[in-house]
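>>> Need a 3D model of the sequence below.
(one chain, ligands or ions: 2)
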Amino acid sequence: MRASVIGSGSFGTALANVLAVNCEQVGLWGRDAALADAINTRHENSGYLPGIPISPRVQATTSLKAALEGAELVVLATPSHATRDVVSQALSYLPKHAPLVTVAKGIENETLLTMTELLEDCLPEEHHPYIAVLSGPSFAKELAQRMPTVVTIASHWDKVAVRCQKALQTETFRSYTSNDVVGVQYGGALKNVIAIAAGIADGLGMGHNARAAIITRGLAEITRLAVRKGGNPLTLSGLSGMGDLVLTCTGELSRNRHVGMELGRGRVLEEILGDMKQVAEGVKTAKSARDLSRKVGVELPICDQVYAIAYEGKSARAAVVELMTRQPKSELV
Ligand SMILES: NC(=O)C1=CN([C@@H]2O[C@H](COP(=O)(O)OP(=O)(O)OC[C@H]3O[C@@H](n4cnc5c(N)ncnc54)[C@H](O)[C@@H]3O)[C@@H](O)[C@H]2O)C=CC1
Ligand SMILES: O=C(CO)COP(=O)(O)O
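Ligands and ions are numbered 1, 2, ... in the order given. Modelled structure (predicted):
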């Protein structure tokens, strides 16, 4: 079997390494020719996953045509804001009957579309029955080091989810299928915004009680939005809800939590992002969350405060006071 991964950053490379267990060849596309060369000759992605061996079955290239030729499964692993552009460039090379699995965790700022909606928007209809999404607690570094990782693969088409599940099944990578494409994607995208909030609380030195409250009430707001958009509430207590939320709000490897910690310490967003090579999707998703909350009339108080701190220069301490002194409520509404 041959598979393709579009996006040779940390997660794309890690997933290519997983696919290489069951696939004889894995094409890995990225923009950086020097990085592609290093992956092919030294079998290491020193830019994103330094020191971790990458299977020689992974063949990196800067040509979308070469990466996609003969692929029986395609993973789309560029950040969400780049997905529309990259998919448009790849369009004429996309195989007709291969599952297309997006792993980007974001909601497009301009359209407020999830990644599978975006794919339906920019791909001809013949590709639609092959679209799937993979999401769940899966730090790229641990995945690439073959540490046990479990995720969800969702598709409206059961057979497509099962095809992806089989291709990715290894001794250290396990997935569960789902048909709740909506719940899985809102869980994956919104947990990044809540992780920024958890990081802010940690940066302010607010302790474990605050972090647990952010995780729990963050899950309540993610669930509220996902359900309003048609998701199943049970999905949000699964891998792409609670699972990824706990990982990202507590894990040292999280880039979103890192952004939050720096904001909590009083640094400004532009400066924090300027020091980072890798994407922190929650920064852009905070914007989409704010717009979605207004558009569909669902309260997202933690996401709103993250937006105000990151984009409007609001003091993190003032945001905490505002959250703590909101109108008293029942927990279950
Ligand atoms: N790193 C992780 O642990 C995980 C990441 N994800 C998701 O996977 C997606 C990709 O994330 P990472 O690989 O971690 O990001 P990264 O920052 O490590 O790499 C991003 C890659 O995309 C490329 N890229 C950026 N803008 C581009 C553009 N306009 N056109 C073409 N290529 C572009 C970069 O050159 C780089 O190769 C994100 O949505 C992220 O939330 C999901 C699960 C785990
Ligand atoms: O999505 C992730 C783990 O599942 C990665 O989280 P960060 O983008 O915050 O590093």
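>>> Does at least one residue of stretch 234-252 sit close to ligand 2?
Yes - with C-beta under 6 Å from any ligand atom as the measure, stretch 234-252 is seen reaching ligand 2 through 244, 247, 248. No exception for glycine: its C-beta is placed from N, CA and C like everyone else's.
>>> can you list contacts of stretch 231-248?
Stretch 231-248 has contacts (C-beta atoms under 8 Å, 6 or more residues apart in numbering) with 135-139, 150-152, 154, 176, 178, 180, 182-188, 191-192, 194-195, 198, 215, 218-219, 222-223, 226-227, 254, 256-257.
>>> Would that stretch count as contacting ligand 1?
No - Stretch 231-248 is not in contact with ligand 1 by C-beta under 6 Å from any ligand atom; minimum separation 8.0 Å.
>>> just use 58 as the starting number from now, easier for me
New numbering, starting at 58: the last item is stretch 288-305.
>>> before we move on, back to that, could the residues of stretch 291-309 next to ligand 2 be laid out in a markdown table, adding secondary structure, distance to residue 381 and neighbour count?
Shown next, in a markdown table, are these (DSSP: H, G, I helix; E, B strand; the rest coil; distance: C-beta to C-beta, whole Å; neighbours: other C-beta atoms under 10 Å):
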| residue | secondary structure | distance to residue 381 | neighbour count |
| --- | --- | --- | --- |
| 301 | helix | 26 | 27 |
| 304 | helix | 26 | 20 |
| 305 | helix | 23 | 27 |
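>>> Need the residues you listed in a markdown table (columns: pLDDT).
Conversion of these to a markdown table gives the following (pLDDT from 0 to 100):
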| residue | pLDDT |
| --- | --- |
| 301 | 98 |
| 304 | 98 |
| 305 | 98 |
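>>> Run through the residues that contact residue 87.
For residue 87, the contacting residues are 64, 65, 66, 69, 93, 117, 119, by C-beta under 8 Å, 6+ apart.
>>> before we move on, the earlier item: and the contacts of stretch 288-305 near ligand 1, which?
Checking those against ligand 1 (C-beta under 6 Å from any ligand atom), the matches are 195, 196.
>>> Please flag which of the contacts of residue 87 sit within strands.
Applying DSSP state E to the contacts of residue 87, the entries found in strands are residue 117.
>>> of the contacts of stretch 288-305, buried ones?
192-196, 208-209, 211, 235, 237, 239-245, 248-249, 251-252, 255, 272, 275-276, 279-280, 283-284, 311, 313-314 (16 or more other C-beta atoms under 10 Å).
>>> Let me see the ranges of the helices in the stretch 158-307 of the chain.
Assigned by DSSP state H, counting those that start in this stretch, the helices in the stretch 158-307 of the chain fall at 172-179, 197-201, 215-225, 238-260, 264-285, 301-307.
>>> quick one: which of those helices is nearest residue 82?
Nearest of those to residue 82, taken as C-beta to C-beta: helix 215-225 at 12.6 Å.
>>> Touching that closest one from outside, list them.
Contacts of helix 215-225 (C-beta under 8 Å, 6+ apart): 58, 60, 72, 75-76, 79-80, 129-130, 156, 158, 186-189, 191, 210-212, 232-236.
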